[in-house]
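coords please:
(one chain, ligands or ions: 1)
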Amino acid sequence: MESTDQIDRQKVIAEFDRRASVHGNMNAVLDAGTTEEISRLNILRDEMTRRSLMKLLKPCKEDDILDFGCGVGRLSHQAAKKARSVSGFDPSSEMIRIAGETYGAQNNLNFSASLPEKPASFSKIFTVWVLQHIGDQELETLLKDFARLIKPGGKVVILEQTRQWRRILSDIHIHRTREEYIALFRAAGFRCVKSGQVMRIPSYANWIYGKLGCTCKICLKLMCFIEKISMPYRTDRIQYHTSGMIFVHDSKSDQYD
Ligand SMILES: C[S@@+](CC[C@H](N)C(=O)[O-])C[C@H]1O[C@@H](n2cnc3c(N)ncnc32)[C@H](O)[C@@H]1O
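Numbering: from 1, shown residues only. Model (predicted):
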């Protein structure tokens, strides 16, 4: 496997601190930009990622959940509507500050810039568009942390940008293949029990939504449907997907065989 030592953790954190202080809302974690068009497209990205994540995560009242790389807390907040508790972790103190200011009043939700340490603390862990900012070596160590933090029978859900061929986009951003993620998780004792593509770039839904002047719930729902059914069209043009994957730890799983 090609080395990803190019990913510079300090640069990543500095960049997300910067995006958080410039945008102060979900634009800091989605497409970073200030134009009206980007803000509007981010409403759709937010809707698509929330829907896709909730379908895989299925949070319920017995769940204590870790949102790893929680950013401004938009998905922690969503999961906390159904879970017993959600802990949001992010190394960017600016992200954590905004998440706390926005959602801190919610009783079953807490945010921290330190990763919890107690073993078997969480029934579910999820992470969305975060692992693409972590190099291979750090990721190997991190997945061992996930194995320690997850309860027996628990699951780890990821939404990540993936390509057919690995590509380093910058010193803070890498696209891996789905097979690479599966291999990295396998090395930490995890087995992939579900894997699929949930969003694509370029996207028919994004294109249609860009032409419409509407952000109503029905329109967003329709766009999510269009994204789903248009996934197999003109695949030769696709640059990358967001893939959704579920992993269970072999030594801790008893319910996914
Ligand atoms: C694209 S944002 C996604 C945020 C959030 N998951 C969401 O979807 O709204 C990436 C996040 O990953 C965080 N991050 C970057 N490097 C990280 C690392 N090594 N460990 C944990 N989180 C990291 C960033 O601070 C940022 O908040």
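
assign a three-state SS to Pro119, would you?
coil (DSSP: H, G, I helix; E, B strand; the rest coil).

residues contacting it?
Contact analysis of Pro119 by C-beta atoms under 8 Å, 6 or more residues apart in numbering lists Arg148, Leu149. All C-beta atoms are positioned from the backbone trio N, CA, C, and that covers glycine.

tell me what the strand or helix carrying Ile174 is packed against?
Assigned by DSSP states H and E, Ile174 belongs to strand 173-175. With contacts defined as 3 or more C-beta pairs under 8 Å, 6 or more residues apart in numbering; DSSP states H and E, the packing partners of strand 173-175 are strand 167-170.

the strand it packs on pairs with which strands, and in what direction?
strand 173-175 (antiparallel) (DSSP bridges).

remind me what the following helix or strand past the partner strand packs against, helices and strands.
Counting by DSSP H and E, the next helix or strand C-terminal to strand 173-175 is helix 178-187. Secondary-structure packing of helix 178-187 (3+ C-beta pairs under 8 Å, 6+ apart): helix 136-149, strand 150-162, strand 190-201, strand 240-249.

buried residues in the helix or strand encompassing Cys224?
If you go by DSSP H and E, Cys224 is part of helix 217-230. Buried residues in helix 217-230, counted by 16 or more other C-beta atoms under 10 Å: Cys219, Leu220, Leu222, Met223, Cys224, Ile226, Glu227.

can you report how many residues lie near the closest residue to the last one other than its chain neighbours?
What sits nearest to Glu227 in space, not counting adjacent residues and going by C-beta to C-beta, 6 or more residues apart in numbering, is Ala205, at 3.9 Å. Residue neighbour count, defined by other C-beta atoms under 10 Å, stands at 22 for Ala205.

got the residues of the protein near the ligand?
9, 12, 16, 29, 69-71, 74-75, 90-92, 95, 128-130, 133-134 (C-beta under 6 Å from any ligand atom).

shaky segments in the stretch 151-257 of the chain?
253-257 (pLDDT under 70).

quick check: the residue of it nearest the ligand.
As assessed by C-beta to the nearest ligand atom, the ligand sits closest to Leu159 within the stretch 151-257 of the chain, at 7.7 Å.

quick one, longest helix in this structure?
The longest helix of the chain (DSSP state H) is helix 36-57.

any buried residues in that one, and which?
39, 41-54, 56-57.

on that earlier part again, turn the helices and strands packed on helix 178-187 into JSON lines, columns for mean neighbour count.
Shown next, in JSON lines, are the helices and strands packed on helix 178-187 (neighbours: other C-beta atoms under 10 Å):
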{"stretch": "helix 136-149", "mean neighbour count": "17"}
{"stretch": "strand 150-162", "mean neighbour count": "21"}
{"stretch": "strand 190-201", "mean neighbour count": "18"}
{"stretch": "strand 240-249", "mean neighbour count": "22"}
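
want to throw these into TSV with distance to Ser123?
As requested, those are exported to TSV (distance: least, C-beta to C-beta, whole Å):
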stretch	distance to Ser123
helix 136-149	10
strand 150-162	5
strand 190-201	15
strand 240-249	12
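
is it true that Trp165 touches Arg176?
No: counting by C-beta atoms under 8 Å, Trp165 stays clear of Arg176, with 9.7 Å between them.

neighbour count: these two, which is higher?
Arg176 (25 against 7).

quick one, phi/psi of the spatially closest residue to the more buried one that is not a sequence neighbour?
Excluding its sequence neighbours, the residue lying closest to Arg176 (C-beta to C-beta, 6+ apart) is Arg166, at 5.5 Å. Backbone torsions of Arg166, given as degrees, to the nearest 10, read phi -60, psi 140.

how about Leu212?
Here is the backbone geometry of Leu212 (degrees, to the nearest 10): phi -90, psi 160.

residues contacting it?
Counted by C-beta under 8 Å, 6+ apart, Leu212 has contacts Cys219.
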